[in-house]
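*Asks:* I need the structure of the sequence given here:
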Amino acid sequence: MKLYAVAGVALMLAGCGASGGPGSSASRNDVAASACETYAKTQLGDKTYQLDLVALAASMKADGDMQALAAPIVVEPGSSGEAKETLACKVRISADGKAADVISLNFIF
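*Replies:* You can find the predicted model right below:
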């Protein structure tokens, strides 16, 4: 009987740990945040940065037919040129929620 209980707990834990892995579906917020980060990388070029994608995704709010996101970003962290800014991004999410197009992206000092 103990073996069944241990096996059941192991299966439940395995199911909980599987979220976010390969093949899992990302939320609309995650898709939007990822699109913003990808676009920001093109604007930053070779500069290093720190961006909290979880905070960016959590900030998503409707703005007309688009979604607005904002979160702190540190460009060139730890260097003499370090800049603490806010990344503000607007996206339009596809009907299926699997893709997002960046409409605007701003670095606000």
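*Asks:* separation between residue 106 and residue 69?
*Replies:* 11 Å (Cβ to Cβ, to the nearest Å). Any C-beta I mention is one placed from the backbone N, CA and C, and that applies to glycine too.
*Asks:* now the common contact residues for those two.
*Replies:* 87-89 (Cβ atoms under 8 Å, 6 or more residues apart in numbering).
*Asks:* ok, so of the residues you listed, who is nearest residue 29?
*Replies:* Set against residue 29, the nearest of those by Cβ to Cβ is residue 89 (12.1 Å).
*Asks:* quick one: which helix or strand includes residue 43?
*Replies:* helix 28-44 (DSSP states H and E).
*Asks:* tabulate the CA atom coordinates of stretch 63-79 in PDB.
*Replies:* The C-alpha trace of stretch 63-79 is given here as PDB (Å, rounded to 0.1, in the frame of the first residue of the first chain):
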ATOM      1  CA  ASP A  63      -4.600  49.200 -24.100                       C
ATOM      2  CA  GLY A  64      -7.300  49.400 -26.800                       C
ATOM      3  CA  ASP A  65      -6.800  46.400 -29.100                       C
ATOM      4  CA  MET A  66      -3.200  46.100 -27.900                       C
ATOM      5  CA  GLN A  67      -1.500  45.000 -24.700                       C
ATOM      6  CA  ALA A  68       0.900  47.300 -22.700                       C
ATOM      7  CA  LEU A  69       3.800  46.000 -20.700                       C
ATOM      8  CA  ALA A  70       6.400  47.700 -18.600                       C
ATOM      9  CA  ALA A  71       9.200  46.600 -16.200                       C
ATOM     10  CA  PRO A  72      12.600  47.800 -15.000                       C
ATOM     11  CA  ILE A  73      15.600  47.100 -17.200                       C
ATOM     12  CA  VAL A  74      19.300  47.700 -16.300                       C
ATOM     13  CA  VAL A  75      21.500  48.300 -19.400                       C
ATOM     14  CA  GLU A  76      25.200  47.500 -19.000                       C
ATOM     15  CA  PRO A  77      24.800  46.400 -15.300                       C
ATOM     16  CA  GLY A  78      27.900  46.800 -13.100                       C
ATOM     17  CA  SER A  79      29.700  49.000 -15.600                       C
END
